[in-house]
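Mind folding the following:
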Amino acid sequence: MIINTNMGSSTAARILAENTSALQKSLKRLSTGTKIASVSDDSAGLAVASKLGAQINRIAASKDNVGNLLSFSQTQEGYINQISGALTRMSELAMLATDATKSSSDLLLYDAEFQELGEFLESVRSKDFNGLSLFSDTGKTATLDLGVSVTLQNSNLSTAVYNAAFSGSAISTASDAATALTNIQAAITALASDQAKVGANMSRLENEFSALAVLKDNLGAARSRIIDVDVAEESANFARQQILVQSGTAMLAQANILPQAALRLIS
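Down below sits the predicted model:
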């Protein structure tokens, strides 16, 4: 029986300290929602999670880029649809103006609407999206990730055939109407090409946007498996550590009482 050195008390105190530290770590995990309470818990996992987090943020920014470019193309589509309607009406007016039974005053009435539609088409060519021309000869590019980008096909409303349809045309005479009709038909054909380009751009962008969304979700799931705590599992661990701390405290108290038995031998 030893008085100076109480090994039972020392051992109980050490185990109690370890269980208390584990309890505090479990409490921190539950309160923060992350199972990496400190770098020492899983330094490699934390490094991987940090890289995944940075990639997720880049993908979110890429989604914004693609979304803005998609809005750009949708704006183009809206104007092109209006242009198509105007050209269709202009071709109709030009055809009506070729009617030999129409008087010159009748043709002037047709020409008045024709000119107004031409002014509308001319104004559309200068429309912009956030300061960028909607219809220029420069393709717009969105960066998806490092070294990866998508470039829109050009949709150019400044070609010679459009100029012929937009300005300088008249249907005030039957011969002018015939010439204008030829130009309008050429413009409609060219516009169909632009519509196809814009449609292809939108299809590509929509697929890119969906692919980025799927990639972001999967990377988020991978990062979650590394860093996020399983609350049900950690709650069970927390309850276990609580019991160990309580029992360790009780056993430490008992270990401190044991040396008192030596008093009975010397009393």
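
Is residue 204 in contact with residue 149, as I believe?
No - taking Cβ atoms under 8 Å as the definition, residue 204 is not a contact partner of residue 149, at 11.8 Å. Where you see a C-beta, it was placed from the backbone N, CA and C, and this is true even at glycine.

between these two, who's got more neighbours?
The residue with more neighbours, out of residue 204 and residue 149 and counting by other Cβ atoms under 10 Å, is residue 204; that gives 18 against 12.

Now that one: which helix or strand?
With elements delineated by DSSP states H and E, residue 204 resides in helix 174-227, which encompasses its position.

For the next helix or strand after that helix, give the mean pLDDT please.
Tracing the chain past helix 174-227, the next element assigned as helix or strand by DSSP H and E is helix 231-257. Over the span of helix 231-257, the pLDDT mean works out to 82.

Can you tell me the centre-most residue of the chain?
Averaging the C-alpha coordinates of the chain gives a centre point, and the residue nearest to it by Cα atoms, centre = their mean is residue 63 (2.6 Å).

what about it, distance to residue 72?
Distance, residue 63 to residue 72, by Cβ to Cβ, to the nearest Å: 15 Å.

go on, residue 119?
According to Cβ to Cβ, residue 119 stands 25 Å off from residue 72.

Settle it for me: which of these two has more neighbours?
residue 72 (21 against 12).

Kindly confirm my reading that the more buried one forms part of a strand.
No - residue assignment for residue 72, taken from DSSP: H, G, I helix; E, B strand; the rest coil, gives helix, which places it outside any strand.

Phi, psi for the residue lying closest to it once chain neighbours are set aside please.
Setting aside the residues directly before and after it, residue 72 is nearest to residue 129 in space (Cβ to Cβ, 6 or more residues apart in numbering), at 5.1 Å. In this entry, residue 129 is assigned phi and psi values of phi -130, psi 110 (degrees, to the nearest 10).
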